[in-house]
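# Predicted model follows, preceded by the sequence.
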Amino acid sequence: MDGHLVRLEASLWVGKNRFWAVLTGWHLNWTELSKNIRNKMTVSIPVSEVVSVQVGRVHLIPQGSLSEDADRDFTVFYVKRTSSRSSNALLWSLGRTQFSCPSRDLRDQWITQLRMALKTHSRSRPRRLLVFINPFGGKKQGRNIYQSLIGPLFELAGISCHVVVTERANQARDHILKKDLTGFDGVVCVGGDGMFSELLHGVIGRTQQEAGLSEHDPTLTLQSCDLHIGIIPAGSTDCVCFATVGVNDPVTSALHIIIGDSQPLDVCSVHHRSSLVRYSVSLVGYGFYGDVLAESEKHRWMGPLRYDYAGTMVYLSNRSYAGVVQYIPADPQFSNPRDNTRCLSGCSVCSKSTERLFLYSPDASSLYSSHSSQFSCDTDGEWVSVEGRFRAVSLTCMSSSCPRSPLGLSPSAHLADGTADLIIVRDTHPLGFLTFLHRHTTTQDQFDLPFVDVHRVKAVRFSLRPGAEDDEDEDVVKKRVLAEEDEASSQSGSKQHLAEPADERDMTNDKRLKKKRALLCCSKAPSVSVWNCDGEILPYTEILCRVHCQLVRLYARGIEG
Ligand SMILES: CCCCCCCCCCCCC/C=C/[C@@H](O)[C@H](CO)NC(=O)CCCCCCCCCCCCCCC
Ligand SMILES: Nc1ncnc2c1ncn2[C@@H]1O[C@H](COP(=O)(O)OP(=O)(O)OP(=O)(O)O)[C@@H](O)[C@H]1O
Ligand SMILES: [Ca+2]
């Protein structure tokens, strides 16, 4: 703490009541000076949660702030917590208290000291942000949410923002990859998981470019990203926001950004043969979740409801798929997916993982054999194989909780421990699968079913048959993916995958559609599903996934317990 910060105390007025106010380096407290000693009310605000200190009596309005200059008054804005009706987590709102001092000199002294204390606590706060708004995400409220709620808050906190309202898919990703980002402390999206994914790909790609690292090599330890990512939820699922903050509330998220909270996050890279396909933080899912996404893309016009409709249709179609899942188990001494714990703010499992990351940073290539891109069997772990017919194969780096499933796909998964949970749902009767799905909406254990297995892993591989890593099955998949995209293409804009050849990417829509139609000739009940990667369909079935510990940082602090 800076030497020149002194303790300040005085009797100040708040409305018609007199309070004894105390400012230490860490807290601002005020206690009512009533005659009734027993019922003394104290409010205590950590300086780290003070948003702004303003001269006069200030109100926040959608157009900015309104100040009445009362020359002995000052206003303090800060984080205020209330419990949320829709989840157990806390909602944050902007608290405001107007203090009246006995003299103007004393008022100036309080403002100076408070601002000085704030400065010492605001080293990790962003000063300049690059904000991307998707005007079409979720219920199409992104622009309105930013203009009426979030912009004025950032302005009050003294954050300068460069705002881009996107005009096409992937604009935010391309901007981050290519434009000058000097002076920005973080990037923020106003949108859903798809917009977050654009920022994720931009930030990771940019960081590896600058570090001269290839994203395609799954054996490489990637460079972790300095640029923070903020999410103002305005999408359909907003799973990344919900799982890292605990609620989907734009003001709560904006306040986490303002006070510079920092939450590291594991990221899974998905590869096909020797190319990176995409990154994921939430769900890499084959079978049910792949089919739901493919079906839902055809009904984008329904908005967020499309997932319930698609989910019901896919459930009724009663499909299962053959395949081979291979995985490298994580070290079971740190945690396991059925240990009934929750990853909460300040999580000890994640903190230990941070310590290991900084104290002992092993060369990731020792996990792999030197002569091929396959993981080595004799060093850090062995591939375990599971062959069969599956309803769903899901990999999640975090709990993936969302309003639809408040505890998520894997309730005990950790945000920043360098592992992901692999959930294998083997073929079962329809009622069994419905029980599994339904348990996602309750507190009942969805893994306590005889046809479900869950493993904490560092890497996963999937193939259609044993030893079939690069074979003709690719064509079958491509036919299915292109057929699904065909029906959805008019609504969802162009989808790009990193492993897609450049000539294919540059094809005009018209040519793409003709090619897709030509491939549709043999459509019958599909024998392969598609992969859902954080809400995007992957054009490959044979994939390799690797978890990268704490690759990115969000403006969040995990769920407050
Ligand atoms: C009986 C009630 C069953 C309710 C089952 C609820 C399970 C919910 C599990 C949610 C998991 C979310 C995982 C997050 C994935 C995100 O990275 C991604 C991008 O936003 N979202 C999706 O892919 C979007 C995926 C959305 C999946 C929604 C699935 C809805 C299933 C509804 C099934 C109804 C069966 C009714 C039978 C009569
Ligand atoms: N101006 C735009 N026009 C068309 N598509 C856009 C535009 N801006 C962004 N997108 C794309 O829209 C997709 C969906 O957006 P977003 O994630 O914001 O909402 P959502 O799909 O409703 O929510 P969720 O992903 O949570 O289900 C993203 O993948 C993004 O790439
Ligand atoms: Ca994890």
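Cool, got the structure. Ligands and ions are numbered 1, 2, ... in the order given.

# can you give me the helices for the stretch 51-200 of the chain?
Secondary structure of the stretch 51-200 of the chain (DSSP state H, counting those that start in this stretch): helices at 104-121, 142-145, 151-156, 171-178, 193-211.

# want to throw the ones you listed into TSV with mean neighbour count?
In this view, the C-beta of every residue, glycine as well, is placed from N, C-alpha and C. Converted to TSV, the helices of the stretch 51-200 of the chain look like this (neighbours: other CB atoms under 10 Å):
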stretch	mean neighbour count
helix 104-121	16
helix 142-145	20
helix 151-156	19
helix 171-178	19
helix 193-211	22
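
# can you map out the helices along the stretch 251-400 of the chain?
Ranges of helices in the stretch 251-400 of the chain, per DSSP H, counting those that start in this stretch, are 288-297, 306-317, 348-359.

# what's the spacing between G137 and D105?
G137 sits 50 Å away from D105, taking CB to CB, to the nearest Å as the criterion.

# hang on, the earlier thing: would you mind saying which of the helices of the stretch 251-400 of the chain lies nearest ligand 2?
Ligand 2 lies closest, by CB to the nearest ligand atom, to one member of the helices of the stretch 251-400 of the chain: helix 306-317, at 7.8 Å.

# residues from the stretch 201-350 of the chain in reach of ligand 3?
Listed as neighbours of ligand 3 in the stretch 201-350 of the chain under the rule CB under 5 Å from the ion: D266.

# what about the protein, any weak spots by pLDDT?
1-5, 35-39, 62-69, 85-87, 360-381, 468-525 (pLDDT under 70).

# In it, which residue sits nearest ligand 1?
Closest residue of the chain to ligand 1, CB to the nearest ligand atom: G311 (2.5 Å).

# residues touching the closest residue to that residue other than its chain neighbours, list them.
For G311, ignoring the flanking residues on the chain, the nearest one in space by CB to CB, 6 or more residues apart in numbering is V292 at 5.2 Å. Contacts for V292 were tallied using CB atoms under 8 Å, 6 or more residues apart in numbering; they are 307, 310-311, 314, 532.

# which residue ranges form the strands in the stretch 201-350 of the chain?
Along the stretch 201-350 of the chain, counting by DSSP state E, counting those that start in this stretch, strands occupy 228-233, 263-272, 275-280, 284-287, 321-329.

# want to throw the helices of the stretch 51-200 of the chain into TSV with distance to S394?
Converted to TSV, the helices of the stretch 51-200 of the chain look like this (distance: least, CB to CB, whole Å):
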stretch	distance to S394
helix 104-121	40
helix 142-145	28
helix 151-156	36
helix 171-178	25
helix 193-211	15
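
# Adding distance to ligand 2, write the ones you listed out as a markdown table.
Shown next, in a markdown table, are the helices of the stretch 51-200 of the chain (distance: least, CB to the nearest ligand atom, whole Å):
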| stretch | distance to ligand 2 |
| --- | --- |
| helix 104-121 | 33 |
| helix 142-145 | 7 |
| helix 151-156 | 18 |
| helix 171-178 | 6 |
| helix 193-211 | 3 |
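
# partners of R546 in the sheet?
S269, A459 (DSSP bridges).

# Look up how far N88 lies from it.
Following CB to CB, the distance that separates R546 from N88 is 33 Å.

# Quick check, the residue in the stretch 451-561 of the chain closest to ligand 3?
V547 (6.7 Å; CB to the ion).

# wait, doesn't that residue sit right on L265?
No - judged on CB atoms under 8 Å, V547 makes no contact with L265 at a distance of 11.0 Å.

# R553 bridge partners, please.
Beta-bridge pairing of R553 under DSSP bridges involves P264.

# Let me see the contact set for it.
Applying CB under 8 Å, 6+ apart to R553 gives the contacts 224-225, 228-229, 262-265.

# Out of those, which is nearest to ligand 2?
For the contacts of R553, the nearest to ligand 2 is I229 (13.6 Å; CB to the nearest ligand atom).

# follow-up on the earlier one: so among the contacts of R553, which ones count as buried?
Buried subset of those (neighbour count, 16 or more other CB atoms under 10 Å): 224-225, 228-229, 263-265.

# Give the burial count for H27, as a bare number.
Residues near H27, counting by other CB atoms under 10 Å, number 15.

# for the one 3 residues further on, same thing?
A count of nearby residues for W30, using other CB under 10 Å, gives 23.

# Tell me what it is bridged to.
Going by DSSP bridges, W30 is paired in beta bridges with A21, V43.

# which residues does it contact?
Shown in contact with W30 (CB under 8 Å, 6+ apart): 12, 14, 19-22, 42-43, 97, 99.

# pretty sure Q326 is in contact with V460, am I right?
Yes - in this structure Q326 lies within contact range of V460 using CB under 8 Å: 6.9 Å.

# L431 belongs to a helix?
Yes - counting by DSSP: H, G, I helix; E, B strand; the rest coil, L431 falls inside a helix.

# From ligand 2, how far off is it?
According to CB to the nearest ligand atom, to the nearest Å, L431 stands 29 Å off from ligand 2.

# Just give me the neighbour total for that residue.
Count around L431 with other CB under 10 Å applied: 8.

# ok, now R557?
Neighbours of R557 under the rule other CB under 10 Å: 17.

# Who has more neighbours out of R546 and N88?
Using other CB under 10 Å, the more surrounded residue of R546 and N88 is R546, with 24 against 13.

# residue contacts, that one?
218, 268-269, 271, 458-459.

# try P135
Applying CB under 8 Å, 6+ apart, the residues near P135 are 142-143, 165-166.

# Leaving out chain neighbours, which residue sits closest to it?
Setting aside the residues directly before and after it, P135 is nearest to R143 in space (CB to CB, 6+ apart), at 5.0 Å.

# looking at it, that neighbour is touching F136, isn't it?
No - R143 is beyond contact range of F136, at 9.7 Å (criterion: CB under 8 Å).
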